[in-house]
Each structure stands twice: as C-alpha cells, then as structure tokens.
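Asks: Need coordinates for the below:
(2 chains)
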Amino acid sequence: MKCALCGHVFDENKRLEICKGCLGSGCKKIRCPNCGYEILPEPEIGSKIVKFLKRRFKSENK
Amino acid sequence: MGTETIKSWIKRFDRKPSFGEDHLELSSKIEKEKRKSKKLVLVGTPNVGKSLLFNRLTGAYVTVSNYPGTTVTSDSGSCDISGESFDIVDSPGMYSLSSITEEERISKLMLLEEEPDILLHVADAKNLERMLPLTLQLIEANLPVILVLNMMDEAEKVGLRIDHAKLEKELGIPVVPTAATTGRGVAELINKIGSYKPKTGYNIKYNEALESAINKISTLISDEYPISRRSLSLLLLQQDEDIEKLVKDKEDVDYNKIKKIVNETASKFRQPLNYLVKLRLQGEASEFVSSTSKEVEKVDIGFRESLSRVMINPLTGIPILLVILYFGLFWFVGVFGAGDLVGLVEEAFFGELINPWITDFVVNTIPYVPIQEFFVGDYGVWTLGITYAIGIILPIVTTFFLVFSILEDSGYLPRLALLIDRVFKVVGLSGRAVIPMVLALGCGTMATLVTRTLKTRRERTIATLLMALAVPCTAQLGVIFAVLALYPNALWLWALVILFNYIMVGFVASKIMPGDKPVFYMELPPLRVPRPSNVIKKTYTRLIWYIKEVIPLFILISIVLWGLMLAGILDVIIALIAPVINAIGLPVEASQTFILGFFRRDYGAAGLYDIQGALNGVQLLVAAIVVTLFMPCVAQFMIMVKERGMKLALLIAAFILVFAFTIGFVVNLILTSLGVVL
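Replies: Below you'll find the predicted structure:
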C-alpha cells in the first residue's frame, strides 16, 4: 500500500510499532509507518452496497 | 543424505533463480549450497524500486522476518550469480546513515551486523542530487557499494541524461543504470555483482575542525568494525546513539574522552554537527550531479508541475492555502456545514420535530424524574449525547471530510505539509513535526500518538504541547467559523490570536529546548483532478468510522454528566469555575461548554454552538479563543500521559489551563476597556 500523504510504500498487514500505544487497539485502521497518516479501510457495509449496485447494473445491462 | 533431504534440496533449487551459468548438475549445486553464501544487501530511500529489483534478483521468493526486538520487517531471498550463491536482503528505507526513523535505524544496524559482501544502493535517477549523499556516506564507511541508478527510463522521459561512466570514474565505485520495472540494465547489474572487486572510493574532505576531530577520535578507536573508523568517528560526532553504544560496548577507552572531543567540536559551530555534515555531503552531491548529468532539452514542466511548485513556494503557496481555507473550511464547513446544515438538522429536525416528541413520550411513559432526565434532561443521552453527535457534529464533519477527501485525492496534502515545513523552519520548529500538526486538525488524540515518528524528545514534546494548545479539531473549527461568521472582525481577531499564540509558544519552547533540526523528506505524488467516486468513498468511509467512534463516546459522557448532576457534583464544579468564567467576561451558562470540552473537544464545541444566542460578539470571540486554547480532552490527555509521561502531561495540561484563561482574560480586558463592539 502507498501512503496517501508521504508516498511511503509499506505492507498494510504488518502491525506497526506506532499502533501499540493506541487506546483503540484492535481497530482495522491502517497507519503509515513513515509519517503516521491514517488510512481507513472501507467498511464492509460499503463494499456490500457497491457490490450489490454493480451486480444490479450488470444484470440490467444484459 | 536421505531421499527426503535430496527432494527438499531439489525443491529449493527449483525455486531459486540462477544467473550467469547454463546447467549445473544437482550434485554440484548441493556442494555449492554447502559453501558459505555471499551476502548482498539492498539499501536506499523508500519508493526507488528496491523491492522490484529485489524481486528481479530473487524471483520474488521472499522470506519476511522481523528485525530482532522490533516490528520493522525485512525481506530476504537468494539467487546464484556466476556460480556463487547470494543471500539477498531488502532493507527498510533509509535516507542517511545517521538515522531519523526506526526504519533507518534498523537499516543502519543491518549494515553493521550483516557485514554484506556487496551493498546495492538503489537510487532514483530522477532525484540523483537527493540520493548521492547516502552513496557518499556508504563509500566513506568503506562498504562494498554498487550504485544502481534505477528509474532511468523516467529520468530520460523528463529529459535528464546521466553520464554514468563518468560518475563511476569520479566516485570510484561501480555505477549501473537500470529500470527495474522493465528489466533494463538488470543483466549488466548481475554482471557487475558477479565480477565485483572491492575498491577505495571517493574521499570527502570536511572543514579543518571536523577533520581534526575525526582524526582524534579515529586514533582512540582500536577495535575492528564493519565500517571505517572515519565513518564511525563522523557518526560519533553526529551523536548517533547506536554508534555511541556500539563503541562504548567494544572499546576499552574511556568514552568521556571521545565525548569531550565531540563537545569541543560542537562548541566551535553555531549549527549542529550533523547539519554541517549533511550540508557538506549535499554540496558534494550537487557537484557530482552538475558534472555528470544534464538536461538535454528544456522540458515543458506542464501546468500540473507549475501548479505544484507554486503550491510549495511560501510566497505563492500561502495565498493559495488562504483561498482553500476560506472557501473549503470557512465557507463550506463553517457557513454551509456548521451554519445551514446544522440549522436544518439540529434546530429543525431534532429541536422542532424529534426531541419534543421523544420528550413527551419519555415524560408520559417513565414516572421517575431522574430516569426522565437520563434520557431527555439537560445532560440526557438523547437530548445531549445523540442530539449533539448527530445534530451538530455530524453535519460539520461530513462537510469537512468531503473537503479533506478532495484535498487528499488531488495530492494537495503532501504539498501543504511541505509548505508548512518551510514556514515552520522560520520560527525554529522542526520539519517532520508538520505531519502530526496537520493530522491534529482531524483528531489531536491520534496525532499525539503520531509524534512517535519524530526523532527527538524535544520535537515530540513541542509537537505534543502545540497540538494540545492551539490546533483546533474539525468540529471546533466548524463551530467557531459558524458562530463567528456573523462577526467577521471577531473571526479575524480569533485567527490572529490563535496564530500568534501558536507561533509564540512554539518559538519559546524551541528556544527553551535546544536540539537538532532534522531534515524533512517527502515524496510528492502528481497533482490530479479528484475523482468523484474516490471522494465519495473516502468521505463515506471516514463518516462511518467517525459515527462508530463518536456516538458511543457522547452517550458515555452524557451518562457520566447525568451521574454527576444526580450526585450534585456538577453544580459544585460549575460553582467552582464560575468566578473564572465570569472573570473572562462570560455568563455562568458557558461553564457547560468547558466541562463538555474537558471530556471531548468536539463535545465542547457543540456546547458553544448551543449557547451562542446568549453571547454578544466580544463574548463569542473570548469563548472561541478559550475553547480553542483550552486543555486537551480526556482521551488526548491519556495518550499524552502514555507517550510523554505523567509529569510532563500534567505540566502541559496545567500550563494550557492557566494560559487559555489568561489569554481569554487579557483579550476580554483589552476589548471591553477600549469599548470595542464586535
């Protein structure tokens, strides 16, 4: 993943040192190890809505 | 050797790419594997194509492992080159041997501990001037380095021509131009690795005092190290903690002798020694670039690049920032979001439609007044918690997130960070601190955590103090814009007072806590027109996360306040702070704003929005100033304790508490004494 702020490329699956002290540990937010910028994962409900709309759109076009 | 073992060997060799040899019998491969493999380490700044080159060499068969005692990981693999086996390690990104970030520190330690047979310094050919200081440091350290000029295709596209043969001759080390994305130059690189013979490279001369110090320290060092004594001495002069520890552990010599030389040398210069060393390396790098590379044609930098440069230049960038702040934050978030939208949602929807109905329902259904108060009282879960969260805060953050997503998708944020970095340096603040500062506009609590990315304790402390004091969060900013929109003079005064306090406190703190000013690097992605789908997706994602976080917290705080009210403690607190509130010219009703603000900043802002009708222009200005400067909320304070320690956190909070009310008192005194009506 590439950080939207500093351009640093990093592995989003790695647990970062910076996240260890967070009160909300266990959240799924991704934080750039270089600059600390927060990248939010898309909520599941959002992906489901997008998938549903795509399916509808495709079936209507068939 | 059992059958299973042979199978595992075969499997292993099937996976490992081989260069510079046609066919080897299995038996000879096994023999070779028994011999010690050579070690090849890739180093370089982030985003220069290191990993891609690593994959080209290893065939992407990677083992990811943590560096001992840290969460920083490195990839390792292997390959055969000209009949020799190489273990290849891809180090985390590094800009310099004198480390700033944890990744850089680990990369440096890897160089010291791995003792590589060959070091590939992968550099971005487009930004050679920025890359060469590390090459020079590696040569200075007498490490077996090959310079890889990667992204050569991109450099040529922008009209850059690098005479790599001349550069190779002048540096005294092999230099190979590559384009890892297409594979160009990789074969030549493999040949250079296969035929590598260690050579003595270019030798940099520093000024007389530094050279003398280097010589003195070098004579005190007697043990063997993976890097040259000259490089070791330079790092000691730059007060590199890891090198200090290494030397202290290995040497019999009294380290105070070395420390004395370092201190004496440092006292001869006004600037820190690591700054002087970096300056010298950069100067030398610039000379190499000017003698070995040229722009063959005048490249039309285009509108986007021109705009990018204009955004970074303080003279033009600050007016652009002010335009963005005016239209993006003041007009869209403040006037439209916090004014029109909140008016619609909080006043019309909650105030006139939903809340009267729910209040009637609760009062008619539940006979006990305290329980009624729990839901619909002054501090009720519904009438305070939910109404503030959805009615006031949500419309403000929705508009803010929309603006923020547009800025993020356009690529403006890195330019803003770079612009502020340049402005910060003028008032003596360090560059890297700009990132948590920008993030604090979103939430100061998380931004305080982000101060971990800063190198020195001094930087972390100043950043923590300034964020807790004078960086308002989104909701605060929106409410302040909304309540002061009718009083433009008050809004200007508010901005001036906050900016003045920010600069003054930052400047004084940086003078009280002297220290190095680290160099700030940032990759600049290209500017682009934001894509609506991206903007909507990002805004939606941020909103969902915000709702998840804020609603439970607002409900929890309402319950705490309801409990305090029921126990009569809240009245005692209000009575205690009433004289202070009156002293800054505000009515006692404003106490609630500060009590809510103590729990959460945006909650306090919502409280200010609620009482705005009871205040005149001067009172609104004073309240806005004190709310902005007011002490950090509970969550931010807890993180401050965790990150900076209880003593420092309490000191910062106590300073801010006194400072905020003092500034409010002074502003109120001046304005009322002069009879100013806003």
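
Asks: C-alpha only now, for contacts and for neighbours.
Replies: Will do.

Asks: okay, and for the stretch 351-500 of chain B, where does confidence drop off?
Replies: Flagging of the stretch 351-500 of chain B using pLDDT under 70 yields the residue ranges B:422, B:425-432, B:455.

Asks: can you do 80?
Replies: B:421-435, B:438-439, B:442-443, B:445-446, B:449-450, B:452-457 (pLDDT under 80).

Asks: which bits of it sit near chain A?
Replies: With C-alpha under 8 Å from any C-alpha of the partner chain as the criterion, the stretch 351-500 of chain B comes near chain A at residues B:408, B:411, B:413-414, B:435-436, B:439, B:446, B:449-450, B:452-453.

Asks: swap in the stretch 551-678 of chain B?
Replies: Residues of the stretch 551-678 of chain B lying near chain A (C-alpha under 8 Å from any C-alpha): B:639, B:642-643.

Asks: Off-centre distance for the helix or strand where residue B:75 lies?
Replies: In this assignment (DSSP states H and E), residue B:75 forms part of strand B:73-81. Distance of strand B:73-81 from the chain centroid (C-alpha atoms, centre = their mean, to the nearest Å) equals 30 Å.

Asks: Show residues contacting whichever helix or strand comes after that strand.
Replies: Following strand B:73-81 in sequence order, the next helix or strand is strand B:84-90 (DSSP H and E). Here strand B:84-90 makes contact (C-alpha atoms under 8 Å, 6 or more residues apart in numbering or on different chains) with B:32-33, B:36-43, B:50-51, B:54, B:58, B:74-80, B:194.

Asks: Pairing partners for strand B:84-90, with directions?
Replies: strand B:38-43 (parallel), strand B:73-81 (antiparallel) (DSSP bridges).

Asks: Spatially nearest residue to residue B:605 (excluding sequence neighbours)?
Replies: By the measure of C-alpha to C-alpha, 6 or more residues apart in numbering or on different chains, the closest residue to residue B:605 outside its immediate chain neighbours is residue B:476, 4.9 Å from it.

Asks: what sits against the one you found?
Replies: Residue B:476 sits next to B:601-602, B:604-606, B:628 when contact means C-alpha under 8 Å, 6+ apart.

Asks: Show me what the one helix or strand residue B:618 maps to is in contact with.
Replies: Assigned by DSSP H and E, residue B:618 belongs to helix B:617-629. Residues outside helix B:617-629 that contact it (C-alpha under 8 Å, 6+ apart) are B:468-472, B:476, B:480, B:483-484, B:487, B:490-491, B:493-494, B:497-498, B:584-586, B:593-594, B:597, B:604-605, B:608, B:612, B:656, B:659-661, B:663-665, B:667-668, B:671, B:676-678.

Asks: Strands of chain B, residue ranges please.
Replies: Counting by DSSP state E, chain B has strands at residues B:18-19, B:38-43, B:63-66, B:73-81, B:84-90, B:118-124, B:145-150, B:160-162, B:175-177, B:293-295.

Asks: Most tightly packed of those strands?
Replies: strand B:145-150 (a mean of 26; mean count of other C-alpha atoms under 10 Å in any protein chain shown).

Asks: could you say what helices and strands that strand packs with?
Replies: Under the contact definition 3 or more C-alpha pairs under 8 Å, 6 or more residues apart in numbering or on different chains; DSSP states H and E, strand B:145-150 sits against strand B:118-124, helix B:128-140, strand B:175-177.

Asks: Quick one, which of those gets closest to chain A.
Replies: For the helices and strands packed on strand B:145-150, distance to chain A was read as C-alpha to the nearest C-alpha. The smallest value, 14.1 Å, belongs to strand B:118-124.

Asks: Show me how far that closest one is from its chain's centre.
Replies: For strand B:118-124, the distance to the chain centre is 25 Å (C-alpha atoms, centre = their mean).

Asks: Could you please name the strands it pairs with and the direction of each pair?
Replies: Strand B:118-124 is paired, per DSSP bridges, with strand B:38-43 (parallel), strand B:145-150 (parallel).

Asks: With only the CA atoms kept, save the helix holding residue B:618 in PDB.
Replies: The C-alpha coordinates for helix B:617-629 follow below in PDB (Å, rounded to 0.1, in the frame of the first residue of the first chain):
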ATOM      1  CA  GLY B 617     -19.700  39.500  19.700                       C
ATOM      2  CA  VAL B 618     -16.900  40.100  22.300                       C
ATOM      3  CA  GLN B 619     -18.100  37.200  24.500                       C
ATOM      4  CA  LEU B 620     -18.300  34.900  21.500                       C
ATOM      5  CA  LEU B 621     -14.700  35.800  20.500                       C
ATOM      6  CA  VAL B 622     -13.400  35.300  24.000                       C
ATOM      7  CA  ALA B 623     -15.300  32.000  24.300                       C
ATOM      8  CA  ALA B 624     -14.000  30.800  20.900                       C
ATOM      9  CA  ILE B 625     -10.400  31.700  21.900                       C
ATOM     10  CA  VAL B 626     -10.600  29.900  25.200                       C
ATOM     11  CA  VAL B 627     -12.300  26.900  23.800                       C
ATOM     12  CA  THR B 628      -9.600  26.600  21.100                       C
ATOM     13  CA  LEU B 629      -6.700  27.000  23.600                       C
END
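
Asks: Would you quantify the distance from residue A:51 to chain B?
Replies: 13 Å (C-alpha to the nearest C-alpha, to the nearest Å).

Asks: Which of the helices and strands packed on strand B:145-150 sits closest to residue B:530?
Replies: strand B:118-124 (27.1 Å; C-alpha to C-alpha).

Asks: what sits up against that closest one?
Replies: Contacts of strand B:118-124 (C-alpha under 8 Å, 6+ apart): B:39-45, B:48-50, B:131-132, B:135, B:143-152, B:193, B:196.

Asks: So what's the residue count around the nearest residue to residue B:97 once chain neighbours are set aside?
Replies: Spatial nearest neighbour of residue B:97, chain neighbours left out: residue B:108 (6.0 Å); criterion: C-alpha to C-alpha, 6+ apart. Residue B:108 has 22 neighbours, counted by other C-alpha atoms under 10 Å in any protein chain shown.

Asks: As a markdown table, the residues of the stretch 551-678 of chain B next to chain A with pLDDT and neighbour count would be great.
Replies: A markdown table is the format used below for those (pLDDT from 0 to 100; neighbours: other C-alpha atoms under 10 Å in any protein chain shown):
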| residue | pLDDT | neighbour count |
| --- | --- | --- |
| B:639 | 81 | 21 |
| B:642 | 80 | 16 |
| B:643 | 81 | 21 |
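
Asks: Mind checking which of those residues are in helices?
Replies: B:639, B:642-643 (DSSP state H).

Asks: Which of these sits closest to residue B:331?
Replies: residue B:639 (32.8 Å).

Asks: one step back: could you dump the contacts of residue B:476 to CSV with pLDDT, distance to residue B:91 and neighbour count?
Replies: As requested, the contacts of residue B:476 are arranged in CSV below (pLDDT from 0 to 100; distance: C-alpha to C-alpha, whole Å; neighbours: other C-alpha atoms under 10 Å in any protein chain shown):
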residue, pLDDT, distance to residue B:91, neighbour count
B:601, 79, 41, 30
B:602, 79, 42, 28
B:604, 83, 46, 27
B:605, 83, 46, 29
B:606, 84, 48, 26
B:628, 92, 43, 26
